[in-house]
Every structure is written in C-alpha cells, then in structure tokens.
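A.B. asks: Okay, here's the prediction I keep looking at, along with the sequence it came from:
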Amino acid sequence: MEITNREKKSLRQIAHHLDAVVTVAEKGITPGVLSETERALTDHELIKVKLALGERSQRQNTGKSLAEQCTATVIQSIGKIMVLYRKNPKADPRLSNVARYT
C-alpha cells in the first residue's frame, strides 16, 4: 500500500502523542509479539513499536521484518521507536488512533 508524503506527515503528527504498545526485545519477533502487533494494528491502525535491541542495523532489520509480517507500512523510524500503520476499513472509531485524532 502506497502512502503519499502528505499522508505520512499527517500520520506522524498523530503518532507523536502515542506511547509504544509493543516492545520487541532480545528474543526478536516471537509469536506473542507478532500476535499483539496484529491485534494492535487491527484495533488502532497506527501504533508505535519499541525496538529494545542493541545494534542499529539489527533494529532496522527487525522493524522491517515485523512490518512485512504484519503487512503494515513503516511511517517513521527514529532511534528505538518505529511507527507502523495498517488501514482497517472496519475499525472501531473509539479505538482507532487515526479516527480519533483527525
């Protein structure tokens, strides 16, 4: 799914106020991390993920892999925090970060 730069900017503004809801630690992408990320993307559409890994290249590779496995788009990656987005046409407006903040 392609997202325009204008849409990315808008999503980054929304994500600025969010806290990380998923943490990927030294064990990497476990089934638990994957299922929680899937659930969070389905409910919220836009989430922050904390990559608590040592090396920068390891964080980048793990973040890209997580996004691919969840069919999500990486909106932003700064340091150990990554913002993921996956549109859900049936999202509950009370839970969706996109619907609540636009």
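C.D. replies: Arrived safely.
A.B. asks: Is the most centrally placed residue in the chain in a helix, a strand, or coil?
C.D. replies: Centre of the chain computed as the mean C-alpha position; nearest residue by C-alpha atoms, centre = their mean is residue 84, 2.3 Å away. Of the three states, residue 84 takes strand under DSSP: H, G, I helix; E, B strand; the rest coil.
A.B. asks: Give the closest residue to it in space, chain neighbours not counted.
C.D. replies: Sequence neighbours aside, residue 72 is the residue nearest to residue 84 in space, at 4.3 Å (criterion: C-beta to C-beta, 6 or more residues apart in numbering). From N, CA and C alone the C-beta is placed, and that goes for glycine too.
A.B. asks: CA-only coordinates of stretch 89-100, as PDB, when you get a sec.
C.D. replies: Output of stretch 89-100 as PDB, limited to C-alpha atoms (Å, rounded to 0.1, in the frame of the first residue of the first chain):
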ATOM      1  CA  PRO A  89     -11.900  -0.200   6.900                       C
ATOM      2  CA  LYS A  90     -13.900  -1.800   9.700                       C
ATOM      3  CA  ALA A  91     -12.000  -0.100  12.600                       C
ATOM      4  CA  ASP A  92     -14.000   1.000  15.600                       C
ATOM      5  CA  PRO A  93     -13.800   4.800  15.700                       C
ATOM      6  CA  ARG A  94     -13.500   4.700  19.500                       C
ATOM      7  CA  LEU A  95     -10.300   2.600  19.300                       C
ATOM      8  CA  SER A  96      -8.700   3.800  16.000                       C
ATOM      9  CA  ASN A  97      -6.000   6.400  16.600                       C
ATOM     10  CA  VAL A  98      -6.500   7.700  13.100                       C
ATOM     11  CA  ALA A  99     -10.200   8.300  13.500                       C
ATOM     12  CA  ARG A 100      -9.900   9.800  17.000                       C
END
